[in-house]
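> prediction below, plus the sequence it came from.
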Amino acid sequence: MHYYKFNIADYRKDTSHLSTIEHGVYRQLIDWQYLDEKPIPLETQVVSRRLRLGSVDEQQALENVLLEFFEKSDDGYFQKRIRVEILDYQENSEKNRRNGKLGGRPSKTHSVSSGLPNETQSKGNQEPITNNHKPIKDKEAIASLSGSTFPPCPHQELLKLWAKHLPHLTQPRSWEGQRQTSMRQRWVQAGKPSSYSPDGYNTVDKGIEWWDSFFRYIAHETKLSTGFVMNDRTWLPDLEWVVNAANFQKIIDGKYNK
């Protein structure tokens, strides 16, 4: 596909928390999947090379975007919305080819589905147009392009849970910028069904229950609550460290269990 509609207002609303680097990575991944009409490769080195990502910050941005906005399958990373729109496009293209073999299109102008009712494209020779961030009612129920249907991250409630279970550790005086970004990404990550969270969660209340249990686990079942002695000094984690993608995964994997 060489063309798709893009709703700037919806995109900004759903991705306002992203850094400039993450915005660039995300937009390139969207274009890539539409253009190639297949998932993003699982091998991140291939992805980094194609997007010309070299620095640590750029690599982290790629990891963050894939984790938050794409789903992982055996074939690669994909977004349901884009996949459905590609299927629509391919079906329409095949229908046009069949019409051509039968002697042309049924009429001079014809409707081209964009996934919305009562919407047509009058130029018969133009490729089907997709419409990002708008409901698509066929094939399967899907989330928005940026995953905005997931409940918003209750930052202040999670900060209270951190203070409740780990009051002796550093309590953040401000929670903005990259800190909020990392927390929201872990909020979405933990909500997806997985080996460590079989049921996941899809409401704020259920999510708060999960994070209450997670911080309790850190406080009572890991060495993080008492820290580590390094160069005659005790190192203690803070919340920003915990919600870092790599550190969060190590905690989940049980690396710091007592």
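Right, received. Where do you want to start?

> residue 63: how many residues sit nearby?
Look at residue 63: counted by other Cβ atoms under 10 Å, it has 15 neighbours. Quick note: C-beta positions are derived from backbone N, CA and C, even for glycine.

> what's the closest non-adjacent residue to it?
Closest residue to residue 63 apart from its sequence neighbours, by Cβ to Cβ, 6 or more residues apart in numbering: residue 245 at 5.9 Å.

> how is this structure carved up into domains?
Following automatic domain parsing, one gets these domains for the chain: 1-149, 155-252.

> where among those domains is average confidence lowest?
Among these, domain 1-149 carries the lowest mean pLDDT, at a mean of 70.

> now do the helices in this protein.
For the chain, helices defined by DSSP state H occupy the ranges 8-15, 20-36, 44-51, 56-69, 80-101, 155-165, 178-191, 204-221, 239-242, 245-252.

> dump these to CSV, plus distance to residue 2.
Shown next, in CSV, are the helices of the chain (distance: least, Cβ to Cβ, whole Å):
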stretch, distance to residue 2
helix 8-15, 20
helix 20-36, 7
helix 44-51, 18
helix 56-69, 22
helix 80-101, 10
helix 155-165, 40
helix 178-191, 31
helix 204-221, 39
helix 239-242, 42
helix 245-252, 33
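
> any chance of JSON lines for the domains of the chain, columns distance to residue 258?
Shown next, in JSON lines, are the domains of the chain (distance: least, Cβ to Cβ, whole Å):
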{"stretch": "domain 1-149", "distance to residue 258": "28"}
{"stretch": "domain 155-252", "distance to residue 258": "6"}
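
> nearest to residue 230, of the helices of the chain?
Among the helices of the chain, helix 239-242 comes nearest to residue 230, with 13.9 Å by Cβ to Cβ.

> and the residue nearest to residue 63, what is it in contact with?
60, 63, 64, 67, 182, 185, 186 (Cβ atoms under 8 Å, 6 or more residues apart in numbering).

> and with 7 Å instead?
Residue 245 makes contact with 63, 64, 67, 185, according to Cβ atoms under 7 Å, 6 or more residues apart in numbering.

> buried among those? Need that as a selection in PyMOL.
In PyMOL syntax, the buried subset of the contacts of residue 245 is picked out as below (16 or more other Cβ atoms under 10 Å):
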select buried, resi 64+67+185
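
> among the helices of the chain, which comes closest to residue 233?
helix 239-242 (15.9 Å).

> so which bits of that closest one are buried?
Residues of helix 239-242 classed as buried: 239, 241, 242 (neighbour count, 16+ other Cβ under 10 Å).

> of these, which is the nearest to residue 85?
When these are compared for distance to residue 85 (Cβ to Cβ), residue 242 wins out at 37.0 Å.

> these two touch, right, that closest one and residue 248?
Yes. If you go by Cβ atoms under 7 Å, residue 242 and residue 248 touch, sitting 6.5 Å apart.

> okay then, goodbye and thanks.
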